[in-house]
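S.K.: quick one, what's the 3D model for this:
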Amino acid sequence: MLKKTLHRQKKKLANSKNQLKLLSSRVFENEKLPTFKTSLQKTQNFPLKPSKLEILQINLGYMCNQICAHCHVDAGPDRKEIMTKDTLKTCLNLCKKIDVKTLDLTGGAPELNPNFKWFVEEANKIGFKDLIVRSNLTIITSNKKFEYLPEFFKSNNVHIISSLPHWTKNKTDNQRGEGVFNNSIKALKKLNNIGYGKANTNLQLDLVYNPSGAFLPGEQISLEKKFKKELKENFEIVFNNLLTITNLPVSRFLD
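M.R.: Reported below is the predicted structural model:
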């Protein structure tokens, strides 16, 4: 399992320009695979045109308590880049100005931004239709100072979206690090205990299935049924939806 980020190892692929250079060669230069532009042109959708902005996703920083094998932003404990409070204020003002419906907070671990709590409270006052925090779950159990998070999420009606690579320990730990599965289960139980993921509570808890290899995930509906069955039977854990995604082949995933 990875111990350092690409940034810390000073690898070439820590630089986005080098990532793009690599991606623009190989299978694309000899047209074995069509580029995104070519695919859009075939469907008469090039160039893409913006519509009304309703969802704003904000990366609060690259600092994270995990170093996951598939991470496309190369986050980790040794990344110190975080969004400043002034920039967060600008984001809030923008949301008010253009009437954003959904605010989606990600990272790294967004909770590690020192202004995270303040920002969520201020964002909650705006009254978004959906206020999402993409939590890695283990942050809840990583340190006593983060034990407040489940109740804090609940009091601010936060919609939690969290990655869980598999319902088994080995597959999860292979992708996200030793001990991640057990700590994720502990965190999920804490969230369930206060109503998250349960019917008629309006406290939404979604999980994300994100394969780390060069392949697509299985069919979402059948995977969701399997996840729900295994987590319920083995750990008495419930959740609302399973989302299946794939990472772009950039940064650590490209490496």
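
S.K.: do you have the helices of the stretch 151-255 of the chain handy? List them.
M.R.: 169-176, 180-193, 220-235, 251-254 (DSSP state H, counting those that start in this stretch).

S.K.: among these, which comes closest to L33?
M.R.: Proximity to L33, assessed across these by Cβ to Cβ, is greatest for helix 251-254 (15.1 Å). In this view, the C-beta of every residue, glycine as well, is placed from N, C-alpha and C.

S.K.: contact partners of the closest one?
M.R.: 2, 5-6, 13-14, 16, 19, 22-23, 68-74, 212, 247 (Cβ atoms under 8 Å, 6 or more residues apart in numbering).

S.K.: kindly reformat the helices of the stretch 151-255 of the chain as JSON lines containing mean pLDDT and distance to Y62.
M.R.: Shown next, in JSON lines, are those (pLDDT from 0 to 100; distance: least, Cβ to Cβ, whole Å):
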{"stretch": "helix 169-176", "mean pLDDT": "92", "distance to Y62": "16"}
{"stretch": "helix 180-193", "mean pLDDT": "97", "distance to Y62": "18"}
{"stretch": "helix 220-235", "mean pLDDT": "97", "distance to Y62": "28"}
{"stretch": "helix 251-254", "mean pLDDT": "84", "distance to Y62": "10"}
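
S.K.: phi, psi for the residue nearest the centre of the chain please.
M.R.: Closest residue to the average C-alpha location of the chain: R134 at 4.7 Å, with Cα atoms, centre = their mean. Per-residue torsions, R134: phi -90, psi 90 (degrees, to the nearest 10).

S.K.: tell me the pLDDT of the residue nearest to it when sequence neighbours are not counted.
M.R.: Leaving aside its chain neighbours, R134 sits nearest to T106 (4.3 Å; criterion: Cβ to Cβ, 6 or more residues apart in numbering). For T106, the pLDDT comes out at 97.

S.K.: T106 pairs with what?
M.R.: T106 has these beta-bridge partners by DSSP bridges: N59.

S.K.: and it, how far from C71?
M.R.: The gap separating T106 from C71 is 11 Å, by Cβ to Cβ, to the nearest Å.

S.K.: okay, these two: which has more neighbours?
M.R.: C71 (23 against 18; other Cβ atoms under 10 Å).

S.K.: mind listing what that one touches?
M.R.: Per Cβ under 8 Å, 6+ apart, neighbours of C71: 64, 251-253.
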